[in-house]
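Colleague: any chance you can model this:
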Amino acid sequence: MIKKTALAQAITMAVATMAVGMAHAQDAAAPIQRVEITGSSIKRAQAETASPIQVISKDDLQKSGKATVAEYLQTLTADGAGSLPTGFGNGFAAGSTAISLRGLGATSTLVLLNGRRMAPFARADDGQKTFTDLSTVPMEAVERIEILKDGASSTYGADAIAGVVNIILRKDFTGTTIKAEYGQSRYSDNDQAKASLTWGLGTLDNEGWNVLVNAEVYKSDEVMNKDRKDRAWIGKGDLRPWGYPLATQFAAGDVRGGVAGATPTGAIRNPTTLAYEYLPGCSTFSVSPQPVPANGCVWHQDQFRSMQPDIDGVNLYTRGTLNINQDLQAYAEAGYSKRDTHFTLVPPSITPTVAFPPNATYPTGVINYGSGAGTTMVLGATHPQNPYGVPVRVRYSAFDVGPSTRYADNKFSRFVAGLRGNMAGWDFDTGITHSQSELELRYTNMLNMAVVRDALGNPASPHFPYLIGARAGENPASLYAAMVRTATSNSTTKLDTIDFKASRELMELQGGMLGLAVGAEYRRERVDNPSLSGTQNGEINASYVAARGDSKVKAVFVEVAAPILKGVELSAAARYDKYDAFSSTTPKLGAKWTPTNTFALRATYSEGFRAPGPAESGADSQSTGTATARDPIRCPGGTPAPGASSNDCAASVAAVKIGDPNLQPETSKGYTVGAVWDPIPGMSASIDAWQIKRENEINPMPYNEAAALPTAVRADNNLIGANGQPIPNSGTLLISKAPYRNSSFTEIKGVDFDIRHRMSLGDYGRATVGLTWTHINSWMRAESATTRYEYAGTHGNCDTSNCAGTPKNKASLSASWDLGSFGLSTNVNYRDSMKNVQFEGDLCASSLVGGAPAPNAECKLASFTTVDMSARWNVTKQLQIYGSVNNLFDKIAPLDPLTYGGMSYNPMDASGAIGRYFKIGARYSF
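Modeller: Okay, the predicted model is just below:
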């Protein structure tokens, strides 16, 4: 028999905001209940280990007002740069969502479902890193989420460098629960609807079996950036009203002072003066104010682009459990998720620069349709819109074709069958798992570049002449049937696993029983992500992105927990993983000292690794990404060179990344030192200092370094030197190479603080308040022995996902109050300010007209705080009505000119872009 100590209560409250009953002492007559905690395979009578673990309960999710598991997890203070929000529709992995613990990227955060891996999303983040899509998790079926925050775990093996997120679904449920909810923004858009049914039959204690079924369907309507035209800078591509120059990353057309970009009217180059002259009709196409009448044609992406995608989805989850006898239980799980999203982008340009695997025709693997030798788009001498009588260059954004829409339809399935029980004193669990992700991509309104070239410049073509701009309405339908394509790809990832683990108590030590766990796993992962049709050789206006690979892993692990003295527990674990080309042994050590019933000290040391993924190591893998960087040729020292513009100081740089079979695994070392304290009854506090050092990192060359390579492809609008002669290879930067490499290391240091207090208010009910805070002391990446970048408190690292930045402080304050059948909850989410620099010590990344730092003299992006509130009313024992308001005070997200994940706002501040959001729902159980 056992009674929980006050310390056990304190630690449980600090690391696990679970059901209220876990905060009270167990009944002295109750039998020992042993549980398995994420990060350990040893079942324990108390739910705390040496590792800091944050537990999110079902109630926490329901009270938050968030629509999905991903939305909730991305409010955690431990989440950082590299997280994938729903609105990041122009990213490689559009249609997915992911969490990035400690800002180390989604690929270094291991996500488990009921303690087992899932097949990764069928397209890699940044075209490089595989990750688990949180969109496949049925929110209503979640029992709790356990987050292991001390980095690598020898229990689970690879990919847990930043930590582990273990999503635990319901396992034993009886009855029926029906839930329906509806939400809408204050702008009467972004309608969201969800309905779910949870049904369970049979009890394990009485009938000896249980069947659980959960089904949910949901829909979220698309929001366009132009739908927020009255919300200050939100969704704006044109930032001139706030003092910025015309040339921003979301502006197109004549934004460089006479250097033509893609324009909806069409621009042709005078063969004598070499200056571009614009065809008429700009007011017919562009809604943007023009800088000077008759001086080109400027337009901005918010005229077309989505802010949030349109989403339709369904999640199904079922589990069956059968007690074969008192020592053996069989179980099976089956899950299916279907999520269809579409995201609207912009009309295509006829002069892109595209990259693909080199071939005999194009040995460099690059086609420059704007100014490349033999590939430049021209108007033929006899084209009706060419007054010069000789072939001339042309620039054009095909508004007549229309905006491209990206459809990402993902199907995820998962099946688990297993046995658990007790044999010869061992608790064991073994199972087989199969899961797979199938992604169908469809990009509409893409261009067949060969047809475009002939239709503009070849009189022998049946499609000549392709009339552009104001005369496009004269073109026959047959031209568009030949010229416009829908590019598609069908990607698949598969994961098959057989695993076994067992634990037991071995002997009595002075502080308790010595625990031992052993386990083994065989895993095979297959990835087949072909590129979009037409990208293999530059046929269409998009670059090649593909990954292929097949890996097999055999692993064994052992773990011990030794309470060597009363109040002192030491733990150790080691895991050996054997891949096809290399192997790895990762240890983990932990210590917990409980000198009093109200105080404990804890510490861990862990080593981890991440094997090169198929996109990084596959010989057939290649991708091309885009990020914002300063052009060192056209913007030396942060000042535009004569003939350049401010756009060259924050250019969208494309970089080609090619798989390298010689890459070695990343390795890591992690440390935590912390304390847990129960200062007064009902209050729990914990503080943990942590450090993670990831070495031998697999990264592409940073974009700012790639921009400086002499092999970078540039336009031929070269700058003019002091002698009046063109400066070779000084034109507008188009594309460079950023090869994957095992670079030096990243080291992150920080502190987590968590305090929670539960109070009885007598006749006024009960209340709980809590604060979670994460502070990052340093986030430093060393590219070499002499080149280091400090990102803490800056807008970097912009090479990762959506350029969301690395704030030094994130905090979440929660409060809830329950009185009888009524409950009220509030969450305050805070994100610290950031310097608007790419890395510490760099020049300000953005400038106002005249060259002053932007957005202010301090070159600092404002902090952002939102308040979410929810309420619930138990009308009867069966019926609950609830509602929530996200961003209660309708705070506007700060202006952010650097990020490319949101138009002029940080993508992680999306609630400040969407605006105040209302939701109401009902839950009925019987």
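
Colleague: pull out the buried positions in the regular element (helix or strand) spanning residue 322.
Modeller: Per DSSP states H and E: residue 322 is located in strand 310-325. For strand 310-325, the neighbour count (16 or more other CB atoms under 10 Å) marks 310-311, 313, 315-323 as buried. C-beta: built from backbone N, CA, C; applies to glycine.

Colleague: stretch 163-181 too?
Modeller: 163-170, 173, 177, 179, 181.

Colleague: nearest residue to the residue of the chain most remote from its centre other than its sequence neighbours?
Modeller: Relative to the centre of the chain, the most outlying C-alpha is that of residue 389, 51.8 Å out, by CA atoms, centre = their mean. Nearest non-adjacent residue to residue 389, counting by CB to CB, 6 or more residues apart in numbering: residue 381, 5.5 Å away.

Colleague: any idea how many residues pack against the one you found?
Modeller: Other residues near residue 381 come to 13 when the count uses other CB atoms under 10 Å.

Colleague: what do you get for the one 10 residues further on?
Modeller: As a burial measure, residue 391 scores 18 neighbours (other CB under 10 Å).

Colleague: repeat for residue 272
Modeller: The number of residues packed near residue 272 is 7, by other CB under 10 Å.

Colleague: hang on, the earlier thing: which pair of the buried residues of stretch 163-181 spans the longest distance?
Modeller: Farthest-apart pair in the buried residues of stretch 163-181 is 163 and 177; separation 31.5 Å (CB to CB).

Colleague: gap between the closest residue to residue 383 other than its chain neighbours and residue 394?
Modeller: Taking CB to CB, 6+ apart, and ignoring the residues beside it in sequence, residue 383 has residue 465 as its nearest neighbour in space, at 4.8 Å. Residue 465 sits 12 Å away from residue 394, going by CB to CB, to the nearest Å.

Colleague: so what sits against both of those two?
Modeller: Residues touching both residue 465 and residue 394 by CB atoms under 8 Å, 6 or more residues apart in numbering: residue 456.

Colleague: those two: which has the busier surroundings?
Modeller: The residue with more neighbours, out of residue 465 and residue 394, is residue 394; 28 against 22, by other CB under 10 Å.

Colleague: which residues in this structure form helices?
Modeller: Here the chain has its helices, by DSSP state H, at 6-15, 58-64, 69-73, 282-285, 449-457, 477-483, 614-617, 703-706, 910-914.

Colleague: among those helices, which is nearest residue 216?
Modeller: Residue 216 sits nearest to helix 69-73 of all the helices of the chain, at 11.6 Å, using CB to CB.

Colleague: so for the closest one, what gets flagged as buried?
Modeller: For helix 69-73, the neighbour count (16+ other CB under 10 Å) marks 69-73 as buried.

Colleague: between those residues, which is nearest residue 286?
Modeller: Among the buried residues of helix 69-73, and counting by CB to CB, the member closest to residue 286 is residue 71, at 35.0 Å.

Colleague: does that closest one touch residue 84 like I think?
Modeller: No. Between residue 71 and residue 84 there is no contact under CB atoms under 8 Å: 11.7 Å.

Colleague: now do the shared contacts for the two.
Modeller: Joint contacts of residue 71 and residue 84 (CB under 8 Å, 6+ apart) are residue 97.

Colleague: low-confidence regions, the stretch 801-926 of the chain specifically.
Modeller: Applying pLDDT under 70 to the stretch 801-926 of the chain flags no residue at all.

Colleague: kindly report the same for the stretch 501-650 of the chain.
Modeller: Ranges of the stretch 501-650 of the chain meeting pLDDT under 70: none found.

Colleague: from residue 138, how far out is residue 69?
Modeller: Distance from residue 69 to residue 138, counting by CB to CB: 9 Å.

Colleague: let me fix that, I meant to ask about residue 271.
Modeller: Look at residue 271 and residue 138: by CB to CB, they are 63 Å apart.

Colleague: pick out whichever of those two has more residues nearby.
Modeller: A direct count of neighbours by other CB under 10 Å for residue 271 and residue 138 places residue 138 higher, at 25 against 13.

Colleague: now the residue nearest to residue 389: how far from residue 460?
Modeller: Distance of residue 381 to residue 460, computed by CB to CB: 13 Å.

Colleague: what's the answer for residue 184, then?
Modeller: For residue 184, the distance to residue 460 - CB to CB - is 56 Å.

Colleague: higher neighbour count, the two?
Modeller: Between residue 184 and residue 460, residue 184 has the larger neighbour count (other CB under 10 Å), namely 16 against 7.
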